[in-house]
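Participant: only geometry, no sequence info:
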């Protein structure tokens, strides 16, 4: 019951209700976890259900007032078991739709890079649902990516 209340679930008359601020409550727990794992995370992170985070090879830098939709996969494109690290930067006031992912499988690497693979999403960007970014892509400030897009180049 305690965990339910921490993420905004309230039990009333044997019915489980989600509070309107549940994504902010979930985001606060995730923000604390990211910071403990060496990432940077601003205030008012809102996170939908089922988001997968990988901090094993990824460092996150997330700005203030960021919304990340449900069932997204945020791994930055790092590869397990390799020395390749990645960085995912999300700017202030950015909205990312549900089912967003970063795909490292399509990343056209000829040789192992000497530094981290940096994927950047600028300030006040809007990314629609079911968008896939190739690892290493940059979305500029104010960028708008329509739902269902596969982004393989900087925008």
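Facilitator: Structure received. Nothing here was measured: the structure is a model prediction, and the numbers come from that model.

Participant: stretch 130-144 - what's its average pLDDT?
Facilitator: Averaged across stretch 130-144, the pLDDT comes to 93.

Participant: can you list the neighbours in contact with it?
Facilitator: Contacts made with stretch 130-144 from outside it, assessed by CB atoms under 8 Å, 6 or more residues apart in numbering, are listed as 76-77, 86, 91, 96-104, 106-107, 117-127, 145, 147-155. Bear in mind the C-beta positions are built from the backbone N, C-alpha and C, glycine included.

Participant: sort out which of those residues are buried, if you could.
Facilitator: If you count burial by 16 or more other CB atoms under 10 Å, the buried members of the contacts of stretch 130-144 come out as 76-77, 86, 91, 96-104, 107, 117-123, 125-127, 145, 151, 155.

Participant: what is the neighbour count of the closest residue in space to residue 95 that isn't next to it in sequence?
Facilitator: Take residue 95 and drop its neighbours on the chain: the residue closest to it by CB to CB, 6 or more residues apart in numbering is residue 67, 4.7 Å away. For residue 67, the count of nearby residues is 19 (other CB atoms under 10 Å).

Participant: against residue 91, how distant is residue 67?
Facilitator: In this view, residue 67 and residue 91 are 12 Å apart by CB to CB, to the nearest Å.

Participant: hmm, residue 148 is touching residue 99, no?
Facilitator: No. Applying CB atoms under 8 Å, one finds residue 148 not in contact with residue 99, separated by 9.6 Å.

Participant: so where's the longest helix in the protein?
Facilitator: Longest helix in the chain by number of residues, with DSSP state H as the criterion: helix 22-36.

Participant: what packs against it?
Facilitator: If contacts are counted by 3 or more CB pairs under 8 Å, 6 or more residues apart in numbering; DSSP states H and E, helix 22-36 sits against strand 40-41, strand 46-47, strand 52-53, strand 58-62.

Participant: hey, least reliable of those by pLDDT?
Facilitator: Here the helices and strands packed on helix 22-36 differ in mean pLDDT, and the lowest is strand 52-53 at a mean of 85.

Participant: partners of it, with directions?
Facilitator: Paired with strand 52-53 in the same sheet, following DSSP bridges, are strand 73-74 (parallel).
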